[in-house]
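J.: Let's see this in three dimensions:
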Amino acid sequence: MDYQNLIHAIIDSFIDKPEALLIRTLPSSNEKDVNILICTENDDIARLIGKKGCVANAIREIVSIAGKLENKKVHLKFESFDQENN
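T.: Below you'll find the predicted structure:
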């Protein structure tokens, strides 16, 4: 399954700058685990996490269900980055 496209479909409408969104699959020591890093700007990452993490948990739940179809456990990590203004 292409988890990156699934995540894009879910969160592109939530954020102001979808062009600044970076989604990467990270290496895992276990073949049944899938680690995904989601990076975007500070304001957008706050929207993705939501109050008390409720939006992030909902995204995790949706992606987790997709992973269960392949007997995989999907882990999402949310991080922000600052763009330099030149």
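J.: Quick check: which element contains the residue nearest to Thr25 when sequence neighbours are not counted?
T.: Closest residue in space to Thr25, ignoring its immediate chain neighbours: Ile36 at 5.6 Å, by Cβ to Cβ, 6 or more residues apart in numbering. C-beta here means a position set from N, CA and C on the backbone, and glycine is covered the same way. Assessed by DSSP states H and E, Ile36 sits inside strand 33-40.
J.: counting contacts, what elements does that strand pack onto?
T.: helix 3-11, strand 22-26, helix 42-49, strand 73-80 (3 or more Cβ pairs under 8 Å, 6 or more residues apart in numbering; DSSP states H and E).
J.: if you set the cut-off to 10 Å instead, what comes out?
T.: Judged by 3 or more Cβ pairs under 10 Å, 6 or more residues apart in numbering; DSSP states H and E, strand 33-40 is in contact with helix 3-11, strand 22-26, helix 42-49, helix 54-68, strand 73-80.
J.: Which one of these lies nearest to Lys32?
T.: Each of the helices and strands packed on strand 33-40 has some distance to Lys32 by Cβ to Cβ; the shortest is strand 73-80, at 6.1 Å.
J.: Dump the closest one to CSV, restricted to CA.
T.: Extracted C-alpha coordinates of strand 73-80, given in CSV (Å, rounded to 0.1, in the frame of the first residue of the first chain):
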residue,chain,number,x,y,z
LYS,A,73,1.7,-1.6,12.2
VAL,A,74,2.0,2.0,11.0
HIS,A,75,3.6,4.6,13.2
LEU,A,76,3.3,8.3,12.4
LYS,A,77,5.6,11.0,13.7
PHE,A,78,4.7,14.7,13.2
GLU,A,79,7.4,17.3,13.1
SER,A,80,7.6,20.9,12.1
